[in-house]
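Asks: Got a sequence here, can you model it:
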Amino acid sequence: MYAVIATGGKQYRISEGGSVRVEKLKGAAGDKIVFDQVLMVGEGAGVTIGTPVVKKATVEAEIMAQARARKIIVFKMKHRKQLRRVHGHRQPYTELRINKINA
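Replies: The predicted structure follows:
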């Protein structure tokens, strides 16, 4: 069984027992989280699509880690103006393990 949830302004397709990296959520490693914004639940041909969310559907997950992604380099340059700026950025994320999908 799989589901599509919305969190952090993005949508994620998840399945039971799987793991996913989402935008940073509050909580520490080991905490339980319940998502109620389930957009779609399905298995094979039996797919339920919400309008906009599936009523009474939830997803239970556990926080595995709070971490930061690899550094990306942001380079800005103005042609013929001797302006060069280099910035680095590391986006924080939350690693989740999906325990149960309640349809």
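Asks: So the residue nearest to the spatial centre of the chain, which state does it fall into?
Replies: In the chain, the C-alpha nearest the mean C-alpha coordinate belongs to Val22, at 2.4 Å (C-alpha atoms, centre = their mean). The three-state assignment at Val22 reads strand, by DSSP: H, G, I helix; E, B strand; the rest coil.
Asks: so where do the strands sit in the protein?
Replies: For the chain, the strands defined by DSSP state E cover 2-7, 10-15, 19-23, 32-35, 38-43, 46-49, 58-68, 72-78, 83-89, 92-102.
Asks: Including mean pLDDT, could those go into TSV?
Replies: Below are these laid out as TSV (pLDDT from 0 to 100):
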stretch	mean pLDDT
strand 2-7	96
strand 10-15	97
strand 19-23	97
strand 32-35	97
strand 38-43	94
strand 46-49	92
strand 58-68	98
strand 72-78	97
strand 83-89	98
strand 92-102	97
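Asks: Enumerate every residue touching the residue of the chain positioned farthest from its centre.
Replies: Each residue of the chain has a distance to the centre, and by C-alpha atoms, centre = their mean the biggest one is for Arg80: 41.6 Å. For Arg80, no contacting residues are found, by C-beta atoms under 8 Å, 6 or more residues apart in numbering. C-betas here are computed from N, CA, C, even on glycine.
Asks: Could you check how far Leu39 is from Ser15?
Replies: 15 Å (C-beta to C-beta, to the nearest Å).
Asks: The two: which is more packed in?
Replies: Leu39 (19 against 12; other C-beta atoms under 10 Å).
Asks: Contact partners for the more buried one?
Replies: Leu39 makes contacts with Ala3, Val4, Ile5, Ala6, Gln11, Ile49, Gly50, Pro52, Val53, Val54, as judged by C-beta under 8 Å, 6+ apart.
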